[in-house]
Structures are given as C-alpha cells and as structure tokens.
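**Student:** below are the sequence and a predicted model for it; my questions follow.
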Amino acid sequence: MRANATLPRLHITGPLLEGRRIALDREASHRLLHVLRLSVGDGMLLFDGVSGEWRATLAEAGKRGAVLAVEASTRPQAATLGPTYAFAPLKQARLDYLVQKAVEMGAARLMPVITRRTQVARLNLARLNANAVEAAEQCGRLDIPPVEPERPLEAFLDALDAAVPLVFCDEAAAPHDPLAALARLSRAVPPAVLVGPEGGFTPEERALILARDGALPLSLGPRILRADTAAVAALALVQAALGDPSA
C-alpha cells in the first residue's frame, strides 16, 4: 500500500512549495470542513499535476474558508505513459462512470469520438473534466488526464499520429488470447484504445478503422459488453500487456 494512502487528497492550482499557505475557495473549503469534516491540524495530500504530491495540514478553518499549510514533498512528479482512450460518448450517468474508470485505469488522455451510432453528440466538458479530477484524487494519480473536445471518427483517425498503434475493440473479431494479440505493443509508444458506441461501429466505419496502418483489432471475449464495461476491460488488458507503471 502507498504511504499516506488513508489521507484525503486534493487537486489544487500550483505551484506547491514548502511553507506555502493556500486559501481555498468556498467549494473546496466546504468539502474539507463539512463533507470530510477535517479539523485544524489534520493532514492531507495535495497535487497540482506538475509539482508532484505534497503533505499539508489544515492551518485555519473559519467563516472565510479553509487555509492549508504546505509542509513537504511525498512523491515527485512522473511522466504519464498510459494509453490514449478514445470512446463514443454515452448518456450522462454512464459517461461519468466511463471517464472515472478510464482515469483510474491510467489513461493519459481521453478523446470522445462521434460515430454514426453515438448516443450523444454534444458534451459537457467541464463536467467530464471535473469527473477526471475527482477520479485522480481518489486513485492516487499525480496528473489529471485531459478530456478533449469531441470530434468525428474520421477526424480522430486523421489526427492520430501515424506512429501510435490503434487498439480497436472489435466485436466482429474472432475471440483469441488478447494478451498475445497485444504482445507487440511497446511502452515507449503507448497506443490509442478505441471503443465504439452501443450498437457498435457500422461496417463502413469498421472498414475505415481497419484500413489504418497499425490498427490492431482486439476481441474482448465471446460476450457483447456494454461500452462502459468494455472501457475497463480494454484498458486493463492494455496496461497488463505493457506493464502499468505507478501513478
């Protein structure tokens, strides 16, 4: 278990420096004082996505809000080498879940992709990024993977670097050993993982994806998975094949 794993974690705007005092806004103060019920002197962990993780204490708690005192570094910042997760947006509650789980599974960035059968065409990016922050706080990550603006499938494929392998979760692929299929991936060039909408890709979209150099069709087993379940399964397989580094 990671040291200090029982302490609450909070993402803040940096920089984090020894001795710095940080006055929290109303929302963050309410969370610490009334949801987590922290008292003056209680400890917590802070991260800003740049400066690593730092231990801090609640120095003041009053009507004007909470003030934190930054004490010492607990973990240095490390580069994120996780996969890109590309997905067809779902309806809101399941989309929230998908974003949270992708962050927990180590995705370096999240890319919504609009397909013919996508259920949602316009996203609340502020809400999705807030979900990413909450998940990173909970799971111990030191960074917040960005949720990028949605784009059509064709634009996603055109924009994807030619050197990046594309792991295509393909319902039509013959079942096989997924780890064997992923064995040729390299941690040095993390892949993009693409999961389609409920109802799957159209034949034309599937042909377009498979025509891309480096496309790796991947079966997730004999059962049809919900898109949010497929997200967890696919990212777990990719991280198992590559060797998921610590946060």
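**Tutor:** Yes, it's here. Numbering: from 1, shown residues only.

**Student:** over to the residue nearest to Asn124 when sequence neighbours are not counted: give its phi and psi.
**Tutor:** Setting aside the residues directly before and after it, Asn124 is nearest to Gln92 in space (CB to CB, 6 or more residues apart in numbering), at 7.9 Å. In short, each C-beta sits where N, CA and C put it, glycine included. As for Gln92, its main-chain torsions (degrees, to the nearest 10) stand at phi -60, psi -50.

**Student:** now tell me what touches the helix or strand bottoming out on mean pLDDT in the chain from outside.
**Tutor:** Here the helix or strand of the chain ranked lowest by mean pLDDT, DSSP states H and E is helix 178-181, holding a mean of 86. With contact meaning CB atoms under 8 Å, 6 or more residues apart in numbering, helix 178-181 is reached by 216, 218-220, 237, 240-241.

**Student:** ok, stretch 231-246 next?
**Tutor:** 78, 81-83, 85, 87, 98, 101-102, 105-107, 167, 169, 178-179, 182-183, 185-187, 190-191, 193, 195, 218, 220-221, 225.

**Student:** what comes up buried for that stretch?
**Tutor:** Across stretch 231-246, burial judged by 16 or more other CB atoms under 10 Å covers 231-235, 237-239, 241-242, 244.

**Student:** now do stretch 190-203
**Tutor:** 190-197, 200-201.

**Student:** separation between the most centrally placed residue in the chain and Leu17?
**Tutor:** The centroid of the chain falls nearest to Val103 when counting by CA atoms, centre = their mean (2.2 Å). As judged by CB to CB, to the nearest Å, Val103 and Leu17 stand 26 Å apart.

**Student:** ditto for Pro145
**Tutor:** 25 Å.

**Student:** so for those two, which sits in the more crowded spot?
**Tutor:** Pro145 (24 against 10; other CB atoms under 10 Å).

**Student:** got CSV for the contacts of helix 178-181, with secondary structure too?
**Tutor:** Converted to CSV, the contacts of helix 178-181 look like this (DSSP: H, G, I helix; E, B strand; the rest coil):
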residue, secondary structure
Leu216, strand
Leu218, strand
Ser219, coil
Leu220, coil
Leu237, helix
Ala240, helix
Ala241, helix
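
**Student:** export those to a markdown table and tack on distance to Ala28?
**Tutor:** Formatted as a markdown table, the contacts of helix 178-181 follow (distance: CB to CB, whole Å):
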| residue | distance to Ala28 |
| --- | --- |
| Leu216 | 42 |
| Leu218 | 40 |
| Ser219 | 44 |
| Leu220 | 39 |
| Leu237 | 36 |
| Ala240 | 36 |
| Ala241 | 38 |
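
**Student:** what ranges in this protein fall below the confidence cut-off?
**Tutor:** 1-4, 245-247 (pLDDT under 70).

**Student:** so where do the helices sit in it?
**Tutor:** Remark: helices assigned in the chain by DSSP state H are 26-30, 92-104, 125-139, 153-159, 178-181, 203-210, 227-242.

**Student:** and Pro112, what are its bridge partners?
**Tutor:** Phe87 (DSSP bridges).

**Student:** and it, what does it touch?
**Tutor:** By CB under 8 Å, 6+ apart, the contact set of Pro112 is 86-89, 123, 147-151.

**Student:** and of the residues you listed, the nearest to Ala56?
**Tutor:** Ranked by distance to Ala56 (CB to CB), the contacts of Pro112 are led by Val147 at 26.9 Å.

**Student:** sweet, I'm off.
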